[in-house]
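**Q** Model the structure of this input:
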Amino acid sequence: MSPLYARHKRTTLAIATAVAAGALLTTGMTANASAIDKKPLAAAPTLLSNSARTALIKKADANVAETAKQIGLGTKEKLVVKDVVKDVDGTVHTRYERTYAGLPVLGGDIVVHTSKAGKTEGVTKATKATIKVASLKPQLTVAKAEKAALTAARTLGSTKSAADGARKVIWAGHGTPVLAYETIVGGFQDDGTP
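**A** Residues are numbered from 1 along each chain as shown. Model prediction:
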């Protein structure tokens, strides 16, 4: 056997061994990955029955005043339970909308994360700003707010000639929260949705 032929045979054997080892590793990884996929993650949401979801919402609703105080909301702020999600490990995430002096706070949503034992683990707030306004008396009338909204909608291509209504809100979407009007004008948004 010539040295060149022996080296070629060793190289071929090494390549074949590497391919076989790679195939075994890939098969092992696939088997392990499918085993992992079958075990839910601790933070994975569990599917709640309607009655279980309703019970969790009622429980959260019964404790809204205590929760608001516990997470440091002001005396004029209240929480309104909107939804709950429960993880496989028992952690419950309750989504609240906020009100200030009875007005909805747009951009003020809060999610309270509670452990299986009932201890508050954390709070996620849409805004970190303190909700406080100097006055609840608007500087604009409803008619002026609707007119301004219609003008803005027309610049975006709306053909509506009347607003579908306006309500006083606290706008906390960005910056310092302020008293505002939420005015609905029919038409389409920039992305084409109604």
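**Q** And the strands in the chain?
**A** For the chain, the strands defined by DSSP state E cover 77-86, 92-100, 103-106, 110-114, 120-125, 165-171, 178-184.
**Q** and T193, how many neighbours?
**A** As a burial measure, T193 scores 6 neighbours (other Cβ atoms under 10 Å). For glycine as for every other residue, the C-beta is placed from the backbone atoms N, C-alpha and C.
**Q** rewinding a little: so which of the strands of the chain gets nearest K58?
**A** Closest approach to K58 among those (Cβ to Cβ): strand 77-86, 8.6 Å.
**Q** what's the angle from that closest one to strand 165-171?
**A** Calculated by axes from the mean of the first three to the mean of the last three Cα atoms, to 10 degrees, strand 77-86 forms an angle of 90 degrees with strand 165-171.
**Q** Okay, buried residues for strand 77-86 please.
**A** By neighbour count on 16 or more other Cβ atoms under 10 Å, the buried set for strand 77-86 is E77, K78, L79, V81, V84, V85, K86.
**Q** Columns pLDDT and distance to K119 on top of those residues, output as a markdown table?
**A** Formatted as a markdown table, the buried residues of strand 77-86 follow (pLDDT from 0 to 100; distance: Cβ to Cβ, whole Å):
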| residue | pLDDT | distance to K119 |
| --- | --- | --- |
| E77 | 95 | 22 |
| K78 | 96 | 23 |
| L79 | 97 | 18 |
| V81 | 97 | 19 |
| V84 | 96 | 16 |
| V85 | 95 | 17 |
| K86 | 94 | 15 |
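**Q** closest to G102 among the residues you listed?
**A** K78 (8.0 Å).
**Q** Surely that closest one is in contact with R98?
**A** Yes: counting by Cβ atoms under 8 Å, K78 touches R98, with 7.2 Å between them.
**Q** Output the below-cut-off pLDDT ranges for the protein.
**A** In the predicted model, the chain carries pLDDT under 70 at residues 1-42, 187-190, 194.
**Q** The same query, at a cut-off of 90, please.
**A** Applying pLDDT under 90 to the chain flags residues 1-47, 118, 128, 134, 139-140, 142-143, 145-166, 174-175, 183-194.
**Q** Please, where are all the helices along it?
**A** In the chain, the segments counted as helices under DSSP state H are 3-38, 50-62, 64-70, 142-155.
**Q** can you count the residues close to T54?
**A** Neighbourhood size, T54 [other Cβ under 10 Å]: 12.
**Q** ok, now S135?
**A** 7.
**Q** Would you check that it makes contact with V178?
**A** No: taking contacts as Cβ under 8 Å, S135 lies outside contact range of V178: 10.4 Å.
**Q** neighbours around the residue lying closest to G90 once chain neighbours are set aside, how many?
**A** If the residues on either side of it in the chain are set aside, G90 comes closest to K116, at 2.8 Å by Cβ to Cβ, 6 or more residues apart in numbering. Neighbourhood size, K116 [other Cβ under 10 Å]: 12.
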